[in-house]
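here is a sequence together with a model predicted from it:
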2 protein chains.
Amino acid sequence: MRPINPERQAERRQHILAAALRCFAQKGFHKTRTADICAEAGMSPGNLFHYFASKEALIIALVEADQAEVCARFARATQAEQGWQALLALLDHHLGLCAEPVYVQLTLDVIGEAVRNPALMACVQRSEAERRECLARLFERHAQTGDFQLSSPPGQVADWFLLLLDGVLGRAMVEADFVPARYRADLLAALQLQVRPLTS
Amino acid sequence: MRPINPERQAERRQHILAAALRCFAQKGFHKTRTADICAEAGMSPGNLFHYFASKEALIIALVEADQAEVCARFARATQAEQGWQALLALLDHHLGLCAEPVYVQLTLDVIGEAVRNPALMACVQRSEAERRECLARLFERHAQTGDFQLSSPPGQVADWFLLLLDGVLGRAMVEADFVPARYRADLLAALQLQVRPLTS
C-alpha cells in the first residue's frame, strides 16, 4: 500500500469536481452518467469511486464548495467598512451570475436534485440560513454605527434583500431573454425602502 | 363495448387528478407510486392507465389545470376596470399561496420534475409567457386610459411585478418561518417604482 498523501488527494478531488462541473454544465445533472465524468476526468470508474461514492456525492461536494464560496463572500461583506458598497457588490455579483445561462441551469438542476435528496436540501438550507445570518449582522452593525437607517429588524431587512435577489433568479429561470442588469436601479430603490444609507 | 360518455370520462379524470393531488401533497411527486394513486382513487391500475398513461402524464395534467386557472385569473385582471385593485388582488392571492406549505412544496416538486421532463418545462414556460403577456396588456391598457403612469415599457413593468412575486416564492421555499404578508407594504411600494396609479 502506498502512503496517503493528503495534498495529492485534495488535488485529485478538485480535478474530478472540475470535470464533473463541466459535464453537468453541458448536459445537466440528470443526463450526465458517471461514465461521462470518468471520460472527462480521464480516470477509471474504480479510481473515481475511490474519491466519490456516487454521482450524488459529487453533486453535494460541488454544491458545498459553491456555498462555502457564497458564505465567505457574504461574511466578508459583513466585515466591510463601507456597508452600502458591500451591498452593491453582493447585488452586482448576483446580477452577473443570473445573466449566465449555465449558472441559471445548474441552479435549477440543484433544486431538482434537492427535491429528491434530503441531504442536498439540508445543505442548501444551511447555506441559505448562513447567508441570511451574515446579512442580518451586516445590517445590525451598520445601523449601530449610524451608517444605515433600517425600517425593520435586521433579520427582516435581510429577508427583503434576499427576496429581491431570488426574484431576479426566478425571472432568469423562466425567461430566456431576461436581462438582470436592466432592473439594477429599481432593485436598489426597492432595497432602500428597508435600508437607507446615511453616509456615502 | 360500451358507448363512450364524454361527461362521465371527464368526471373520472377529475376524480383521478384530485386523488393524485392528495397523494403528491402528502408524499411529494417523487415518492408517490402509481399504486398509491390507485388506492386513493379506489381504482385498478388498468382502469387508471386508461385515463393517464403514466405518473408523468398525471403531473402534466395537474400542472396544466393549475396554470389554466392562473392564466384565467391574470386574463380577468387584464379586463378589470380598476387596474390597481386588480394588481392588489393578484398580489394578495400570491401572498396567500406562498403562505401555504403544501403549495410551496408542490411548486418545488414541479420545478424538480420540469428539470428532467422537457414537456413539463415547456408547459411551465408557456404559462409564464402567458402570465407576462396578460400583465403587459393590463399595464398598457391602463397607461393608455391615464389610470397608470409607467416608468418603463409595459413588458418590463410586467417583469418587475413577476420578479417581486418570484422573490416571495423563493423565500417561502427556503425559510420555513417566512411570513409573506409581512412584506406586503414593501412589495406595493416596490411595484410603485415602476407603475404609479393616478386614479383610485
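All right, it came through fine. Numbers count the residues shown, from 1 in each chain, chains lettered A, B, ... in the order given.

the top helix by length along chain A vs chain B: in contact?
In terms of residue count, the longest helix belonging to chain A (DSSP state H) is helix A:118-144. Yes - with CB under 8 Å from any CB of the partner chain as the criterion, chain B is reached by helix A:118-144 at A:124-125, A:128, A:132. Glycine gets a C-beta too; all of them are placed from N, C-alpha and C.

list the buried residues of that helix.
Within helix A:118-144, the residues that count as buried by 16 or more other CB atoms under 10 Å in any protein chain shown are A:120-121, A:123-124, A:127-128, A:130-143.

how far does that helix sit from the chain's center?
Here the centre of helix A:118-144 is set off from its chain's centre by 12 Å, with CA atoms, centre = their mean, to the nearest Å.

check which helices and strands the next helix-or-strand element following it sits against.
Moving toward the C-terminus from helix A:118-144, the next helix or strand (DSSP states H and E) is strand A:148-150. For strand A:148-150, the contact count by 3 or more CB pairs under 8 Å, 6 or more residues apart in numbering or on different chains; DSSP states H and E identifies helix A:118-144, strand A:195-197 as packing neighbours.

returning to what we had before: avg pLDDT for the longest helix of chain A?
The pLDDT scores in helix A:118-144 average 91.

which strands and helices sit next to that helix?
With contacts taken as 3+ CB pairs under 8 Å, 6+ apart, helix A:118-144 sits against helix A:55-79, helix A:83-98, helix A:101-116, strand A:148-150, helix A:154-174, helix B:154-174.

now with 10 Å?
Secondary-structure packing of helix A:118-144 (3 or more CB pairs under 10 Å, 6 or more residues apart in numbering or on different chains; DSSP states H and E): helix A:55-79, helix A:83-98, helix A:101-116, strand A:148-150, helix A:154-174, strand A:195-197, helix B:154-174.

hey, which helix or strand in chain A has the poorest pLDDT?
Lowest mean confidence among the helices and strands of chain A (mean pLDDT, DSSP states H and E): helix A:55-79, at a mean of 88.

do it and chain B meet at all?
No - against chain B, helix A:55-79 shows no contacts by CB under 10 Å from any CB of the partner chain, the least distance being 12.2 Å.

which positions within that helix qualify as buried?
A:55, A:58-63, A:66-67, A:70-71, A:74, A:77-78.

got the domain boundaries for chain A?
A:1-53, A:62-197 (automatic domain parsing).

the helix or strand in which A:Gln14 is found versus helix A:55-79: what angle between them?
Element membership for A:Gln14 (DSSP H and E) is helix A:6-27. Counting by axes from the mean of the first three to the mean of the last three CA atoms, to 10 degrees, helix A:6-27 points 100 degrees away from the direction of helix A:55-79.

sorry, back to before: save the helices and strands packed on strand A:148-150 as CSV, and put in distance to B:Asp147 too.
Below are the helices and strands packed on strand A:148-150 laid out as CSV (distance: least, CB to CB, whole Å):
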stretch, distance to B:Asp147
helix A:118-144, 37
strand A:195-197, 30
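
may I see the buried residues of stretch A:185-200?
Buried residues in stretch A:185-200 (16+ other CB under 10 Å): A:186-187, A:190-191, A:193-195, A:197.

with stretch A:147-162 instead?
By neighbour count on 16+ other CB under 10 Å, the buried set for stretch A:147-162 is A:147-148, A:152, A:154, A:156-162.

closest to A:Gln85 out of those?
Distance to A:Gln85, by CB to CB, is smallest for A:Asp147 among those, at 10.6 Å.

contacts only, for that closest one.
A:Asp147 sits next to A:81-84, A:139, A:141, A:195-200 when contact means CB atoms under 10 Å, 6 or more residues apart in numbering or on different chains.

one more: A:Glu113?
With contact taken as CB under 10 Å, 6+ apart, A:Glu113 is in contact with A:29-30, A:55-56, A:59-60, A:63, A:120-121, A:124, B:112, B:115-116.

the same query, at a cut-off of 6 Å, please.
Going by CB atoms under 6 Å, 6 or more residues apart in numbering or on different chains, A:Glu113 touches A:29, A:59, A:120.

let me know the closest of the residues you listed to A:Leu95.
Nearest member of the contacts of A:Glu113 to A:Leu95, counting by CB to CB, is A:Phe29, at 24.8 Å.
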